[in-house]
Structure formats: structure tokens, C-alpha cells
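In: What follows is a predicted protein model with its sequence.
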Amino acid sequence: MNGDSNPSINASDVERYSRQLLIPQFGPSGQQKLEKSRVLVVGLGGLGCPAALYLAGAGVGTIGLVDRPNDVVEKSNLHRQLAHSEARIGTNKVASAAIAIQMLNSNVAIEKHESFEPKNAVQLASSYNLVLDCTDNVASRYLVSDACAVTKTPLLSGSAIGTDGQLTFYCKTADSPCYRCIFPKPPPSSCVGSCDSAGVLGPVPGVIGTLQALEAIKFLSCMNLTEDLDRRMLLFDGSTCTFRTVKIRSRVNGCDMCGESSQLEIPAFDYEGFARGGKSIDKKALDVPSHCRITPEEFAEIRRSGSSYKLIDVRPSQEFDMCHLDEAESWPLKSMEQSAGMDRIAEGTGRLIIVCRRGNASQTALRHFLDAGRTNVCDVIGGLQAWHQVIDNNFPLY
Amino acid sequence: MTNKTLSRFVTFAQSSYNSCAGELIIPRMTEQELISIRVVFFAKARELAAVSSITLPIPSCTTPHAALNNSVLPRFPALKPLIDHIILAVNQSYVSEPTRYLQEGDELALIPPISGG
């Protein structure tokens, strides 16, 4: 084969892929890029079936398939999981999907994996150019995203239930969010139905899974269209046949996974428990001594006593502008963490009290002061939100 | 606007709820200006609210998060368990922090995660 500048395709492939080769932005070079690509499809259900079939049809070189080890084709799957068949009821879904792909396009190399778990997720994600999240549960969604965030593997994440679907890119660039950036806390189980319990109209995951394949093909063939689903989320409402997109945020610096001070260890993380309990992870990095933390009541007493102190409000400046305690001085955590801020941090010996919105950022700031050797410094537990609740309900709660 | 004016407005928007006139408020306002926003519910939020969208009057100078907590939630208490887990978008753009006030005609969208597949 020639290089990208002068690509040529063998005669049989010209015929097979002719209809997509005719698309000017795709062309032979796009086809060659697809053939060199490796895509991992996690979950071979309502999303994974159409996604994997379209990728195979388009001629993606290698498709990895993985699902739960014990997930077999059931009769109730067949209304939407069209890669499977009546004859394969009871067959492992990865094996069943592999048969369908092979029947459609025998050029595709299929890699069958037994499981996608915390112990092998990183290794699996790292060996592919792109991962498709076609899973059907909260724990798996966090695991897939974490593995992609840590290996910097672009992730096309689709989901569907009832008549609703969503699709977005995570971890596509250094500025892209991961799933935890957008959904840091898992929703309570009462609010997350599964297709098993809440139902789904078959074509709804069909639409989303098909669009997942479309976005994957554009990405892998480097079509360089001006807009994709990086930092945009597609929302599909099948009940009214309405598509909308919303802009979503960039990567969060303080994200538990892709943030700069992340301590999350994927193999040790209890994904099932996290998804069940809806609890946030324990931020070990903070680790501020308890004697350096004061309650809102204690702070109110210090204020009343007239003793001298300096109050530092570490919230972003726009929040400080919205409301603050009279004596507070604004020193946003972000600017504190820049080098000029760090130079200033050890100055002075008078009493310092740090406050923020909820008592999290203030602990990070407190850690910086303590690390710089500053003494006589403390932060307010629960921040201004607790101040509102416990001391002064006239102080704005936002 | 000065910082003081801003904080007064925020307190003022709050005051419709907790009836705290607020010591930070300098002039006490007796009438509050209302604006109309459109609230759009997606997926589970639509199911819990039992409506796909509504037009809602809210006090002017209200942040998206304050509108959610102070105007949407009291009207649709069934949304409560979902509220910490949604994407909040104003006019099709995600809002993470209360950096702006809603304007007349703005669309506030409540987008919960979907996990099925």
C-alpha cells in the first residue's frame, strides 16, 4: 500500500467500501486510517450491537469486544440487540456479536475479552485508539471513563433508556472532561432505571449506538469536520423525535479522576459500592489536622470577642463579589496556587482564618499554608453554607 | 454594579424563600420584579416532574442554581433526589457555578445522567 498522500485500496475493498469512499472528506485515506484503527466496544447490548456492526461494516481494522462474563443472549434482548439471534439465545454476548461481525465483514480482526474490570480496565483501554461505552449500568460507566481518563484514550459514551438517549465524547483532548467531571456523584439508584426495570423502545439505543459508530468513523478516519461531540452532549428524546445538543464543561481541575491531585487507584476502587452508595471518594490528599479546623460557632465567638484575625475568602472572585463577610479579603484558591501566590503564602504571623463556600477549598488552602510553614491558621468547617445554616440565615445561600 | 449591589440582589432573590430581609440589604424592597423563564426537563427529570417543560416566573437577579432550588424544586419536590446529579444548562450551555443571573426568556434545562444501554 502507498502512504496517506497517495492511498490505494485493493479492488475488492473498492467495491465493498465504494459508497463511503465516494464521500469527499472520507475517501481512500479515510478508509486506510479506519483499517489501521483499533476500537474497543464495552457492552454488547442495545448500543453495542448497532455500534459494533456499523464499525465492522465500515471496515475498522480491529474491534475489541467485551461484556460481563456471564452475560448471555436472552429472548428479551432481541427486540433491540440485533446482532444476536434466536438461535444464539443462551450464548455469551461477546461470542454472539463476534459471529455477527464475522458474517458481515470477515476482514475485521476481532479481539474477544472476557471481562472489563478494575484490575484489567487500564491495560485494555490503553491498547485501543478509541473506546465506546455501550454499558448499561452506573458502576461500569465510571470504570470505563476512569480507565480512559488515566490512559488518555478518547471515549464515546452513549446511553439510552425508555425513549431517551445521550451521547458525548469524554477524554478526547487534554481539556475534555471525563465522566466524573460531569457527574462527580453517582445518582441514587432510585433515579437510575435500567432497561430491565424501566423499559426501552428498541430503536432508541439503536439511534444512539448508530450515532456512536458515526462519530467513531469520523474520528478514526480524521475527517476533521469542524464540530464533533467534544464538550457537547447530544440529547435524543424519542417521544417527540427531538435532537438537541448542550455545551458541557471542560475538564475539572479538582476532578477525582482526571484532576491534578487525583489519588484514585482504579484497581483498588470499589466501583459497585460507589455506584450503590452514591458516596464521594475520600480525599486523602487534604489530610488537615483537626485542631486547625474551627466550627462556625467558634468563628462567630472569635468575631464577637473582638480579637484580631485576618479572614481570607478563597472562593472564585465572582462568588466573592456576589456576597462575602464584611471583613473578608478575597484570595481565590486558584490565584493562591500560582507561583506568585505561593511566594506570599508564608508571610506574616497574625491569626489567619480561611473560609470558602462549603469547607472543601478552604482545607486545600489550609494545607498550602501549613506546607509553607505558616502557623496560627485555621479554616471554617462547612464554609459559608454552614455559616448561613448555623449562625446567620440572612447571609445568602447560593 | 458594585459588589454591594450584587450581594444585595442575591440576598434579595433569596428573600422570597426564607423571608429573611437580610442585614446586608441596605434599602428594603417591597415589590419584586418577576421574569419568565422556560424550564425544560429531560429523561428522569421529565418523568419525576411529569411535564416536559413549563414557563416559570422567578424573581429577577436569580442565579440558575438559586432558580433551581428556590423556584423549580418547591414546585416539583419529586425532583429532590435527582437534583445533585444533574447537568444544569442555560440556553444550551452548561453552568457549573452561579456566575450569572437568569434573563427574561432564558431556558433552564435539567439533564440527569442516563445509564442504560
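Out: Yep, it's here. Owing to the predicted nature of the structure, the values given are computational and were not obtained by experimental measurement.

In: Convert the C-alpha atoms of stretch A:351-368 to PDB, please.
Out: Extracted in PDB, the C-alpha atoms of stretch A:351-368 (Å, rounded to 0.1, in the frame of the first residue of the first chain):
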ATOM      1  CA  ARG A 351      -4.100  34.800  63.100                       C
ATOM      2  CA  LEU A 352      -5.500  33.700  59.800                       C
ATOM      3  CA  ILE A 353      -8.900  32.200  59.200                       C
ATOM      4  CA  ILE A 354      -9.800  30.700  55.900                       C
ATOM      5  CA  VAL A 355     -13.300  30.300  54.500                       C
ATOM      6  CA  CYS A 356     -14.900  29.100  51.300                       C
ATOM      7  CA  ARG A 357     -18.300  28.000  50.100                       C
ATOM      8  CA  ARG A 358     -18.700  24.600  51.600                       C
ATOM      9  CA  GLY A 359     -15.500  23.900  53.600                       C
ATOM     10  CA  ASN A 360     -13.600  22.000  50.900                       C
ATOM     11  CA  ALA A 361     -11.500  24.500  49.100                       C
ATOM     12  CA  SER A 362     -10.600  26.100  52.500                       C
ATOM     13  CA  GLN A 363      -9.000  22.800  53.500                       C
ATOM     14  CA  THR A 364      -6.900  22.800  50.400                       C
ATOM     15  CA  ALA A 365      -5.800  26.400  51.100                       C
ATOM     16  CA  LEU A 366      -5.100  25.500  54.700                       C
ATOM     17  CA  ARG A 367      -2.900  22.600  53.500                       C
ATOM     18  CA  HIS A 368      -0.900  25.100  51.400                       C
END
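
In: So what's the gap between that stretch and the chain middle?
Out: 27 Å (CA atoms, centre = their mean, to the nearest Å).

In: repeat for stretch A:73-86
Out: On CA atoms, centre = their mean, the centre of stretch A:73-86 falls 29 Å from that of its chain.

In: and that stretch, how far apart are its ends?
Out: 9 Å (CA to CA, to the nearest Å).

In: so does that stretch get close to chain B?
Out: No - using CB under 8 Å from any CB of the partner chain, stretch A:73-86 stays clear of chain B, coming no nearer than 9.9 Å. C-betas here are computed from N, CA, C, even on glycine.

In: Rounded mean pLDDT for that stretch, please.
Out: Throughout stretch A:73-86, pLDDT has a mean value of 97.

In: Enumerate every residue touching A:Phe26.
Out: For A:Phe26, the contacting residues are A:Gln20, A:Ser221, A:Met223, by CB atoms under 8 Å, 6 or more residues apart in numbering or on different chains.

In: got a markdown table for those residues, with secondary structure too?
Out: Output for the contacts of A:Phe26, formatted as a markdown table (DSSP: H, G, I helix; E, B strand; the rest coil):
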| residue | secondary structure |
| --- | --- |
| A:Gln20 | helix |
| A:Ser221 | coil |
| A:Met223 | coil |
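
In: Just the buried residues from the residues you listed, in ChimeraX please.
Out: To isolate the buried members of those in ChimeraX, using 16 or more other CB atoms under 10 Å in any protein chain shown:
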select /A:20,221,223
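
In: closest to A:Glu215 among the contacts of A:Phe26?
Out: Closest approach between these and A:Glu215, by CB to CB: A:Met223, at 10.3 Å.

In: Regarding the closest residue to the closest one other than its chain neighbours, what is its secondary structure?
Out: Nearest non-adjacent residue to A:Met223, counting by CB to CB, 6 or more residues apart in numbering or on different chains: A:Gln25, 4.7 Å away. Of the three states, A:Gln25 takes coil under three-state DSSP.

In: Tell me the spacing between A:Gln25 and A:Leu229.
Out: 17 Å (CB to CB, to the nearest Å).

In: Please say which of these two ends up with more neighbours.
Out: Between A:Gln25 and A:Leu229, counting by other CB atoms under 10 Å in any protein chain shown, A:Leu229 is the more crowded of the two (21 against 12).

In: ok, A:Leu167 - contacts?
Out: A:Leu156, A:Ser157, A:Gly158, A:Ser159, A:Ile208, A:Leu211, A:Gln212, A:Glu215, A:Leu229, A:Met233, A:Leu234, A:Phe236.

In: which SS class is A:Asp228?
Out: Following three-state DSSP, the label given to A:Asp228 is coil.

In: Now chain B against chain A: closest residue?
Out: Per CB to the nearest CB, B:Gly116 is where chain B lies closest to chain A, at 3.4 Å.

In: got a list of what that residue touches?
Out: Contact analysis of B:Gly116 by CB under 8 Å, 6+ apart lists A:Gly46, A:Asp136, A:Ser159, A:Ala160, A:Ile161, A:Gly162, A:Gly193, A:Ser194, A:Cys195, A:Ala198, A:Val200, A:Pro205.

In: Just give the nearest non-adjacent residue to it, would you?
Out: With sequence-adjacent residues excluded and distances taken as CB to CB, 6+ apart, B:Gly116 is closest to A:Ile161, at 3.4 Å.

In: Quick check: neighbours of the helix or strand containing that neighbour in the sheet, parallel or antiparallel?
Out: Assigned by DSSP states H and E, A:Ile161 belongs to strand A:155-161. As defined by DSSP bridges, the strand partners of strand A:155-161 come to strand A:130-133 (parallel), strand A:164-170 (antiparallel).

In: which residues of the chain fall in strands?
Out: Because you didn't say which chain, this covers chain A. Using DSSP state E, the strands of chain A run over residues A:38-42, A:62-66, A:109-113, A:130-133, A:155-161, A:164-170, A:232-237, A:242-247, A:293-294, A:310-313, A:329-330, A:352-355, A:377-380.

In: switch to chain B, that's the one I care about
Out: B:34-41, B:53-59, B:87-90, B:93-94, B:107-111.

In: Mind listing the strands the second one pairs with, and their directions?
Out: Strand pairing for strand B:53-59, determined by DSSP bridges: strand B:34-41 (antiparallel).

In: ok, now the third one?
Out: Counting by DSSP bridges, the strands paired with strand B:87-90 are strand B:93-94 (antiparallel), strand B:107-111 (antiparallel).

In: need the least confident one among those, by mean pLDDT.
Out: strand B:93-94 (a mean of 94).

In: Break the chain into its domains for me.
Out: In the absence of a named chain, this looks at chain A. With domains defined by automatic domain parsing, chain A comprises A:37-275, A:290-390.

In: Chain B, not that one
Out: B:1-30, B:31-111.

In: Identify whichever of those domains lies nearest to A:Gln81.
Out: So among these, domain B:31-111 is nearest, using CB to CB, at 21.1 Å.

In: where's A:Ala139 relative to chain B, distance?
Out: 9 Å (CB to the nearest CB, to the nearest Å).
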